[in-house]
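Visitor: Starting from these lines, generate the structure:
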Amino acid sequence: MFAAFAGAASISVGYIGLIIGAVFAGLVYVVFALIVKFAGVEWINKLMPPVIIGPIVAIIGLSLAGNAVGDMMSAGYLGLACALVTLFTVIICSVYGGKGIRLIPFIIGIGAGYIVALVLSLTKVAPIVDLEIFKSIDGVFALPNFSFIEAWNGIKELDLTYILTIFFAYVPVAFVVFAEHLADHKNLSTIIARDLTKDPGLHRTLLGDGIGSMAGAFFGGCPNTTYGESIGCVAITGNASVITITAAALLAIIVSFIKPLMIVLDSIPACVMGGVCMTLYGFIAVSGLKMLQPVDLNKNSNLFTASVILIAGVGGLSISFATGLGDITITTVACALILGIITNLLVKKNKN
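Guide: Below is the predicted model of the structure:
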């Protein structure tokens with residue numbers, strides 16, 4: 001986590017703004033957890049039924065599709081070849097591999113794509129891998145650049161107006177990922193055959209996400225969410241072990257202190273990761289569509305609700321307006337969610 005910021009050349013007020021925004025987003029989750037604890041989950045099911053959550057989660061995945069394809073094409077057609085090697089290796093390992101292979105298809109896929117990219121770079125056919133980065137290896141162990149320490153010094157330059165601007169920019173995002181949180185836990189519940197909204201309880205999962213986001217943000221990390229990609233990994237590998245996930249987290253921390261390994265990870269080209277992301281982002285979209293399976297789309301009320309969300313999301317509807325606190329933008333996914341909720345409230349009393 002800390003090593004992710006090792007390349008930062010300088011820290012500006014913008015960086016501390018991101019940290020504070022992530023703290024606000026985590027705080028919203030904590031508030032949600034308290035509400036669910038005392039009010040239950042029925043109001044959530046009524047406000048955001050599957051006909052809303054399903055399309056929203058699908059839109060989150062589809063909105064990332066351009067990033068995946070852009071990464072795949074970032075090094076031209078030879079880079080695309082590396083991406084496809086990665087993609088097809090993941091698919092073959094997941095579908096035809098033995099039990100051990102199916103546990104690590106993404107690692108094997110990234111390895112295969114990276115080897116092809118490295119060979120193309122070493123033979124000077126195409127400079128896909130930045131070989132110069134390996135010259136910076138000057139030892140085995142190294143402390144990451146804990147840039148968040150310097151970032152917090154920027155808080156002295158912030159005023160109330162700027163902090164309120166951050167608040168109004170990030171809080172809507174928390175509402176959107178809340179929908180993904182709910183959908184992911186429902187999907188994961190079907191995978192492990194246990195209703196996670198009841199055991200351990202939605203209020204506990206929300207609280208965990210909220211505290212994790214705030215703690216991670218304090219140390220310069222990204223906000224914590226229940227990534228649909230991770231749910232897809234669990235579905236493909238069948239490994240839902242908390243022990244495994246904890247061990248992976250600890251291993252990631254340890255690796256961040258081993259410089260050669262960090263250099264190798266940094267050298268993985270975007271095109272290779274694009275091949276993996278094509279599957280992972282697709283998992284998000286498909287998991288959202290799966291939630292629509294029990295929804296009767298022959299009813300106009302459901303059809304209109306899902307249609308509004310999908311078209312607003314795919315079409316890229318967003319709203320920006322100036323306020324006394326600065327420019328505020330309601331993102332595409334947030335607009336789709338708001339329109340979906342309004343549409344559903346408008347038509348839900350009609351059974352047609």
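
Visitor: Next one, pLDDT for the residue lying closest to residue 317 once chain neighbours are set aside please.
Guide: Once flanking residues are discounted, residue 317 sits nearest to residue 335: 4.8 Å by C-beta to C-beta, 6 or more residues apart in numbering. Glycine gets a C-beta too; all of them are placed from N, C-alpha and C. Listed pLDDT for residue 335 reads 86.

Visitor: shaky segments in the stretch 251-352 of the chain?
Guide: 323-328, 350-352 (pLDDT under 70).

Visitor: Show me where it has its strands.
Guide: Assigned by DSSP state E, counting those that start in this stretch, the stretch 251-352 of the chain shows strands spanning 319-323, 326-330.

Visitor: Quick check: phi and psi at residue 141.
Guide: With angles defined as degrees, to the nearest 10, residue 141 sits at phi -110, psi 150.

Visitor: doesn't residue 258 make contact with it?
Guide: Yes: here residue 141 reaches residue 258: they are 6.4 Å apart, a contact under C-beta atoms under 8 Å.

Visitor: Would you mind telling me which of these two has the busier surroundings?
Guide: Using other C-beta atoms under 10 Å as the criterion, residue 141 and residue 258 rank with residue 258 on top: 16 against 8.

Visitor: Distance-wise, check the more buried one relative to residue 251.
Guide: Using C-beta to C-beta, to the nearest Å, residue 258 is found at 10 Å from residue 251.

Visitor: give me every residue that touches the residue nearest to residue 317.
Guide: For residue 335, the contact set (C-beta atoms under 8 Å, 6 or more residues apart in numbering) comprises 312, 317, 318, 319.

Visitor: PyMOL command for the buried members of those residues?
Guide: Selecting only the buried entries of those in PyMOL, with 16 or more other C-beta atoms under 10 Å as the criterion:
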select buried, resi 312+317
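
Visitor: Need the max-distance pair from the contacts of residue 335.
Guide: Spatially, the most separated pair among these is 312 and 319, at 10.7 Å (C-beta to C-beta).

Visitor: Give the next helix or strand downstream of the helix or strand hosting residue 164.
Guide: Element membership for residue 164 (DSSP states H and E) is helix 160-192. Note on helix 160-192: by DSSP H and E, the next helix or strand toward the C-terminus is helix 202-218.

Visitor: Pull out the buried residues from that following helix.
Guide: 202-203, 205-207, 209-214, 216-217.

Visitor: Could you export these to TSV, including columns for pLDDT and distance to residue 72?
Guide: Listed next are the buried residues of helix 202-218 as TSV, based on pLDDT from 0 to 100; distance: C-beta to C-beta, whole Å:
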residue	pLDDT	distance to residue 72
202	88	36
203	90	40
205	88	33
206	90	35
207	91	38
209	87	30
210	88	34
211	90	36
212	87	31
213	84	30
214	87	35
216	83	29
217	81	31
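
Visitor: Turn those residues into a markdown table, including distance to residue 102.
Guide: Formatted as a markdown table, these follow (distance: C-beta to C-beta, whole Å):
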| residue | distance to residue 102 |
| --- | --- |
| 202 | 30 |
| 203 | 34 |
| 205 | 26 |
| 206 | 31 |
| 207 | 33 |
| 209 | 28 |
| 210 | 33 |
| 211 | 33 |
| 212 | 28 |
| 213 | 31 |
| 214 | 35 |
| 216 | 30 |
| 217 | 35 |
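
Visitor: Tell me the one among those residues nearest to residue 280.
Guide: Nearest to residue 280 among the buried residues of helix 202-218, counting by C-beta to C-beta, is residue 209 at 19.2 Å.

Visitor: Now the residue nearest to residue 188 when sequence neighbours are not counted. Its backbone dihedrals?
Guide: The shortest distance from residue 188 to any non-neighbouring residue, by C-beta to C-beta, 6+ apart, is to residue 231 (5.6 Å). Residue 231 adopts backbone torsions of phi -60, psi -40, taken as degrees, to the nearest 10.

Visitor: Was I right to think residue 231 contacts residue 286?
Guide: No: with contact defined as C-beta under 8 Å, residue 231 does not count as touching residue 286 (10.6 Å).

Visitor: More neighbours: which of the two?
Guide: Between residue 231 and residue 286, residue 231 has the larger neighbour count (other C-beta under 10 Å), namely 24 against 17.

Visitor: need the helices for the stretch 1-150 of the chain, in chain order.
Guide: Under the criterion DSSP state H, counting those that start in this stretch, helices of the stretch 1-150 of the chain are mapped to 13-39, 42-47, 50-63, 65-72, 76-96, 99-103, 105-122, 147-152.

Visitor: between those helices, which gets nearest to residue 163?
Guide: Of all the helices of the stretch 1-150 of the chain, helix 13-39 sits nearest to residue 163, with 6.6 Å by C-beta to C-beta.

Visitor: Contact partners for the residue nearest to residue 291 when sequence neighbours are not counted?
Guide: Once flanking residues are discounted, residue 291 sits nearest to residue 54: 3.4 Å by C-beta to C-beta, 6+ apart. Neighbour list for residue 54: 183, 288, 289, 290, 291, 292, 295, 306 [criterion: C-beta under 8 Å, 6+ apart].

Visitor: Of these, which is the nearest to residue 58?
Guide: Residue 58 lies nearest to residue 288 out of the contacts of residue 54, by C-beta to C-beta, at 3.2 Å.

Visitor: Now do the same contact list for that closest one.
Guide: Residue 288 sits next to 53, 54, 55, 56, 57, 58, 59, 60, 61, 183, 228 when contact means C-beta under 8 Å, 6+ apart.
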